[in-house]
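In: sequence below, structure please.
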Amino acid sequence: MPDFSLVFKFTLGLNRPYVSEDAAQKLKLYKYQGGDSGYLYRLFYNPFALKCIEYTPDWLAPNLITLFGLMFTVVPFTLLFTLFGCDFSGPVASWWCILEAFCYFAYRLLDEMDGKQARKTGNSSPVGLMFDHGCDSFSTALLVLMMCKMMQAGNGPIIMWALLSATQSFYFSTLEEYYIGGLFLGPFNGVTDGSALLISIFLFTGLFGNGIWLQTVPLPRYGDAKLAEIIVYSILFSQFIAVAMNLYSAIKNALRTDLTQEQRSHGEPMNYLALIQQTVAYYMFFYVVYIAAKVDGGVIMETYPILPAGLFSIVYAHNTINIQVAHVTKQYFNPWTKILLMNTFVLCLYIALESLDVHGINAKNLFLVLFIVTSVFQWHFIIFTIDEMTSVLGIRVFKVKPVSYSPPYEPLIAIQINTEPVKEHR
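Out: Next comes the predicted model:
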């Protein structure tokens, strides 16, 4: 009799542990490398966050600060799609736009504070880095969906293209970090410097109403295009360039001859076949979701576009978190995760049946079931990966560990405000 438990474990991804013995040993040796040269970081976020940390109690765990930051994305997202509908058209109250401007600023500030609190309390750890980047990957997708609804981008493929524009940037910058060993943000980066533009857009919309984004601009050989469409496709084009730069940076770093062995040890050895697979897997899954949402006349994108968008967002976040886990444990990042393969198989089967005129499958129910099941698998992976990592490191994810030695106190702002902007160890 076949052992169906093996099939069950493979399908659900419940074959723990997620962190192997080799990964556990290398996890203990991880040291964060990174920096932010953005103008807003140096002139505002860094000194302001340092000042805030001066008044932050030592008992507050850094990961709690990260979690609070995530809530400043989740709460306005929930309010937006609960109060104003799950489609991407129609008016949005001005108060929500003003609220989101404040929430996004709070999210950005807390994102800068968590690492500083970790350093201040002696609680820097790779779990903090993974937790921080994991929350950021979710926030990126949720922010895109909020922007699309606020700008009345409309139900249709544009929602998927908007998601692609932002998520590909986050995915490939994380992949670049995996290969070069650190996350280094340059001037005018979208994370810190770009936050001023996003906050301005939310405030602008709150003052003048979101109907302003319905205005059209005549374009040669295209006709009239809504402002929202111009913004989405312009960002999409720019992010394809950004992805190319991420890949170029990773390959260039691998070809450098001036790096010491220690410097090379921070990143992973370049494997070009693996890099191709890691690139193909991301775009392949996007294409599969995009096609599955368009078969049967694209009804799902016209009625419930939040479902395919949400499904893609979860799988993208899952693979991005997997990159981080592989990075901090010095393991090979396999992009063909079980969650990605399961969804790809089901959606390809659905596409094939629709192509053969075998109807009867309700697209809404299919995407809803996949969304729920994938969410359960994703949370299982997150919770137990964190549990295993904290057990290996002997720490608590939401509790400050005792510090055996406390150096003489010096105000952090006096120490760091004039130093080279380097993001603190997590």
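
In: state the distance from the closest residue to L27 other than its chain neighbours to S20.
Out: Leaving aside its sequence neighbours, L27 sits nearest to T329 (C-beta to C-beta, 6 or more residues apart in numbering; 4.9 Å). All C-beta atoms are positioned from the backbone trio N, CA, C, and that covers glycine. Per C-beta to C-beta, to the nearest Å, T329 is found 8 Å from S20.

In: please apply the same query to L370.
Out: Applying C-beta to C-beta to L370 and S20 gives a distance of 29 Å.

In: looking at those two, which one has more neighbours?
Out: The residue with more neighbours, out of L370 and S20, is L370; 23 against 12, by other C-beta atoms under 10 Å.

In: burial measure for the residue nearest to L27, as a count.
Out: Residues near T329, counting by other C-beta under 10 Å: 23.

In: what of I199?
Out: Neighbours around I199, by other C-beta under 10 Å: 17.

In: can you give me the strands for this protein?
Out: For the chain, strands defined by DSSP state E occupy the ranges 34-36, 183-185, 216-219, 223-226.

In: for the lengthiest helix in the chain, packing partners?
Out: When the chain is parsed with DSSP state H, its longest helix is helix 363-393. Helix 363-393 sits against helix 21-27, helix 126-150, helix 272-294, helix 299-303, helix 306-329, helix 338-355, with contacts defined as 3 or more C-beta pairs under 8 Å, 6 or more residues apart in numbering; DSSP states H and E.

In: between the ones you listed, which gets nearest to L64?
Out: helix 126-150 (10.2 Å; C-beta to C-beta).

In: same for the closest one, what does it pack against?
Out: Using 3+ C-beta pairs under 8 Å, 6+ apart, helix 126-150 sits against helix 62-83, helix 94-121, helix 158-180, helix 193-208, helix 306-329, helix 363-393.

In: quick one: mean pLDDT over the third one.
Out: Read it as helix 158-180. Per-residue pLDDT values across helix 158-180 average out to 95.

In: ditto for the longest one
Out: For helix 363-393, the mean per-residue pLDDT is 94.

In: just the shortest one next, same as before
Out: When pLDDT is averaged along helix 193-208, the result is 94.

In: now for it, which elements pack on it?
Out: helix 39-40, helix 94-121, helix 126-150.

In: now, of those helices, which is deepest in the fold?
Out: helix 126-150 (a mean of 23; mean count of other C-beta atoms under 10 Å).

In: got the angle between that one and helix 94-121?
Out: 170 degrees (axes from the mean of the first three to the mean of the last three C-alpha atoms, to 10 degrees).

In: just the angle between helix 126-150 and helix 363-393, please?
Out: Using the same axes, to 10 degrees: helix 126-150 against helix 363-393 is 160 degrees.

In: tell me the mean pLDDT over helix 126-150?
Out: Per-residue scores along helix 126-150 average to 93.

In: tell me how far it lies from the chain's centre.
Out: Centre-to-centre, helix 126-150 and its host chain are 4 Å apart (C-alpha atoms, centre = their mean, to the nearest Å).

In: over to stretch 243-262?
Out: 23 Å.

In: how much space between the residue nearest to H266 when sequence neighbours are not counted and Y30?
Out: Nearest residue to H266 in three dimensions, chain neighbours excluded: G181, at 2.7 Å (C-beta to C-beta, 6+ apart). Distance, G181 to Y30, using C-beta to C-beta: 10 Å.

In: cool, G267 as well?
Out: Counting by C-beta to C-beta, the gap from G267 to Y30 is 12 Å.

In: still on that earlier bit, out of the helices and strands packed on helix 363-393, which is closest to L236?
Out: helix 126-150 (11.0 Å).

In: what pLDDT does L214 get?
Out: 92.

In: picking up where we left off before, tell me what angle the longest helix of the chain forms with helix 272-294.
Out: 150 degrees.

In: what about helix 363-393, distance to the chain center?
Out: Centroid separation for helix 363-393 versus its chain: 15 Å, with C-alpha atoms, centre = their mean.

In: just to revisit the earlier point, now the helices and strands packed on helix 193-208 as CSV including distance to N322?
Out: Below are the helices and strands packed on helix 193-208 laid out as CSV (distance: least, C-beta to C-beta, whole Å):
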stretch, distance to N322
helix 39-40, 30
helix 94-121, 21
helix 126-150, 10
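
In: figure out which of these is closest to V289.
Out: When those are compared by C-beta to C-beta, helix 126-150 sits nearest V289, at 12.8 Å.

In: what sits against M301?
Out: 155-157, 159-160, 293-294, 308 (C-beta atoms under 8 Å, 6 or more residues apart in numbering).

In: repeat that with 6 Å
Out: 156, 293 (C-beta atoms under 6 Å, 6 or more residues apart in numbering).

In: then C97?
Out: 202, 205-206.

In: quick one on the thing from earlier: distance of the residue nearest to H266 relative to N253?
Out: With C-beta to C-beta as the criterion, G181 and N253 are 8 Å apart.

In: I53 is nearest to which of the helices and strands packed on helix 126-150?
Out: Among these, helix 94-121 sits nearest to I53 (C-beta to C-beta), with 4.6 Å.

In: can you tell me how far the closest residue to I230 other than its chain neighbours sits from G209?
Out: Leaving aside its sequence neighbours, I230 sits nearest to V217 (C-beta to C-beta, 6+ apart; 6.3 Å). V217 is 18 Å from G209, where distance means C-beta to C-beta.
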